[in-house]
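Engineer: With the input below, show me the fold.
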Amino acid sequence: MNIATTEWKKTWKAQTLNTLLPGLQKMDLAGTDKSMSTYNMYYALCTKEQHILRFPIL
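Structural biologist: Numbering: from 1, shown residues only. From the prediction side, this is the model:
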């Protein structure tokens, strides 16, 4: 949450992120790593360019 607020200048609610991030996981766009803490650390599974090629705008 701190990164969203400080670096991205977004004030998203926790519920929004709790809905968005698992959805990105289901689409194989985000992965998680829980080894460092009790919280999920999310990371991208593809670049912006790979995403555009995979889901082109019609």
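
Engineer: Model confidence score at the residue nearest the centre of the chain, please.
Structural biologist: The residue lying closest to the centre of the chain (CA atoms, centre = their mean) is Leu21, at 4.9 Å. On pLDDT, Leu21 comes in at 90.

Engineer: distance of it from Ile57?
Structural biologist: 23 Å (CB to CB, to the nearest Å). Placement of C-beta: from N, CA and C, glycine included.

Engineer: Kindly report the same for Ala4.
Structural biologist: Taken as CB to CB, the span from Ala4 to Ile57 is 26 Å.

Engineer: who's more crowded, the two?
Structural biologist: Ala4 (13 against 4; other CB atoms under 10 Å).

Engineer: can you pull the contacts of the more buried one?
Structural biologist: Lys10, Thr11, Trp12, Leu17 (CB atoms under 8 Å, 6 or more residues apart in numbering).

Engineer: again, 7 Å this time
Structural biologist: Lys10, Trp12 (CB atoms under 7 Å, 6 or more residues apart in numbering).

Engineer: Return the strand or helix carrying it as CSV; C-alpha atoms alone will do.
Structural biologist: If you go by DSSP states H and E, Ala4 is part of helix 2-6. C-alpha atoms of helix 2-6 as CSV (Å, rounded to 0.1, in the frame of the first residue of the first chain):
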residue,chain,number,x,y,z
ASN,A,2,2.8,2.4,0.8
ILE,A,3,4.3,2.1,-2.7
ALA,A,4,0.9,2.8,-4.3
THR,A,5,0.6,6.0,-2.1
THR,A,6,4.1,7.3,-2.3
